[in-house]
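Q: need a structure here:
(chains A and B)
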Protein chains: 2
Amino acid sequence: MSRDREDVLAANAAFYAAFGSGDMDAMAEIWAETGPVACLHPGAPLLVGRDPVLNSWSHILGASEMPEIACFEPHAHLMGHSAFVTCYERLGGVGGAVLIATNIFIRKNDRWRMSHHHASPAAVAPPERAGDAKPTVLH
Amino acid sequence: MSRDREDVLAANAAFYAAFGSGDMDAMAEIWAETGPVACLHPGAPLLVGRDPVLNSWSHILGASEMPEIACFEPHAHLMGHSAFVTCYERLGGVGGAVLIATNIFIRKNDRWRMSHHHASPAAVAPPERAGDAKPTVLH
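A: Predicted structure coming up:
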């Protein structure tokens, strides 16, 4: 696996780790400080800019009943200084809602940081047979 | 408006023009020939690679009852040699389903071509008051 691919997938995993653990400081570190920042939460209107996007995450991570989240089958698509990852998300453990996401990252000073997150309902569940899906269960 | 922003929005408009007119040759021109190509049609599994993605568009554009499609409120987010556009889509004319999309473009030889399209249901309709939404009705 190329170094870029590995680093982008690590940034994507860090996003889901921050999401799953409700760690707002880590979430703020993950999003880009320069360049575009936008977010499309499922069914919600577009958020543009670091402050509105981080405020939305602060509300989500501050909820008293945070669902479990797991990321499945992340696939990194490299474009030089930017990249996007497509992956499945499962909310609420086994039998929970399955979403599909596009996560865009930009590289600045050798760090990949998130520029955009778009999550939406998936009609098709990811495969989860042993040895096939390699789910990253975060907590 | 910067030249890049203008060009990216023109590439996004060309995508919806090809979609709306069912022009498969134009659609094939819009998608990148080099670099990643992926597509997330609403509720469908991920498609990766130029051939699977163009095949999916060939099926969609070849359907006997193609719905009208209009793009509202395109917003270009620039990242150097790549960019993404977020916009609303209305299928089937006034009162039709409203979707929200992330469209990723990459620049090669001064041309912006599509690398990824992710469309999903929007819970919130875009504003459509006269002088506010500036819809691009394609046909």
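Q: switch to C-alpha atoms for all contacts and neighbour counts from now on
A: Fine.
Q: For chain A, which segments count as strands?
A: For chain A, the strands defined by DSSP state E cover A:38-40, A:47-48, A:69-78, A:82-91, A:97-108, A:111-121, A:136-137.
Q: mind giving me CSV with the ones you listed and columns for mean neighbour count?
A: Output for those, formatted as CSV (neighbours: other C-alpha atoms under 10 Å in any protein chain shown):
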stretch, mean neighbour count
strand A:38-40, 25
strand A:47-48, 18
strand A:69-78, 21
strand A:82-91, 24
strand A:97-108, 23
strand A:111-121, 24
strand A:136-137, 16
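Q: In JSON lines, list those along with mean pLDDT.
A: Shown next, in JSON lines, are the strands of chain A (pLDDT from 0 to 100):
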{"stretch": "strand A:38-40", "mean pLDDT": "98"}
{"stretch": "strand A:47-48", "mean pLDDT": "97"}
{"stretch": "strand A:69-78", "mean pLDDT": "96"}
{"stretch": "strand A:82-91", "mean pLDDT": "96"}
{"stretch": "strand A:97-108", "mean pLDDT": "96"}
{"stretch": "strand A:111-121", "mean pLDDT": "97"}
{"stretch": "strand A:136-137", "mean pLDDT": "46"}
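Q: Serialize these to JSON lines and add fields for distance to A:Ile30.
A: JSON lines is the format used below for the strands of chain A (distance: least, C-alpha to C-alpha, whole Å):
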{"stretch": "strand A:38-40", "distance to A:Ile30": "13"}
{"stretch": "strand A:47-48", "distance to A:Ile30": "16"}
{"stretch": "strand A:69-78", "distance to A:Ile30": "16"}
{"stretch": "strand A:82-91", "distance to A:Ile30": "14"}
{"stretch": "strand A:97-108", "distance to A:Ile30": "9"}
{"stretch": "strand A:111-121", "distance to A:Ile30": "5"}
{"stretch": "strand A:136-137", "distance to A:Ile30": "18"}
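Q: Reformat these as JSON lines; add distance to chain B.
A: Shown next, in JSON lines, are the strands of chain A (distance: least, C-alpha to the nearest C-alpha, whole Å):
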{"stretch": "strand A:38-40", "distance to chain B": "8"}
{"stretch": "strand A:47-48", "distance to chain B": "9"}
{"stretch": "strand A:69-78", "distance to chain B": "6"}
{"stretch": "strand A:82-91", "distance to chain B": "7"}
{"stretch": "strand A:97-108", "distance to chain B": "7"}
{"stretch": "strand A:111-121", "distance to chain B": "6"}
{"stretch": "strand A:136-137", "distance to chain B": "19"}
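Q: now for those strands, which one comes closest to A:Ala28?
A: strand A:111-121 (9.9 Å; C-alpha to C-alpha).
Q: ok, now which ones touch A:Leu9?
A: A:74-76, A:85 (C-alpha atoms under 8 Å, 6 or more residues apart in numbering or on different chains).
Q: For A:Gly62, give its distance to chain B.
A: Taking C-alpha to the nearest C-alpha, to the nearest Å as the measure, A:Gly62 falls 23 Å from chain B.
Q: Ignore what I typed, I meant A:Tyr16.
A: Distance of A:Tyr16 to chain B, computed by C-alpha to the nearest C-alpha: 19 Å.
Q: Then A:Ala32?
A: With C-alpha to the nearest C-alpha as the criterion, A:Ala32 and chain B are 11 Å apart.
Q: OK, contacts around the closest residue to that residue other than its chain neighbours?
A: Nearest-residue entry for A:Ala32: A:Arg113, 4.9 Å, with adjacent residues in sequence omitted and distances by C-alpha to C-alpha, 6 or more residues apart in numbering or on different chains. Residues near A:Arg113 by C-alpha under 8 Å, 6+ apart: A:11, A:29-32, A:105-107.
Q: 6 Å instead?
A: A:30-32, A:105-106 (C-alpha atoms under 6 Å, 6 or more residues apart in numbering or on different chains).
Q: Could you do A:Gly43 as well?
A: Neighbours of A:Gly43 in contact, by C-alpha under 6 Å, 6+ apart: B:122-123.
Q: Quick check: A:Gly22 vs chain B, distance?
A: Plainly put, A:Gly22 is 25 Å away from chain B if you go by C-alpha to the nearest C-alpha.
Q: Look at the closest residue to that residue other than its chain neighbours and say how many residues are nearby.
A: Distance criterion C-alpha to C-alpha, 6+ apart; nearest residue to A:Gly22, sequence neighbours excluded, is A:Leu61 at 4.7 Å. Number of residues near A:Leu61 (other C-alpha atoms under 10 Å in any protein chain shown) recorded here: 20.
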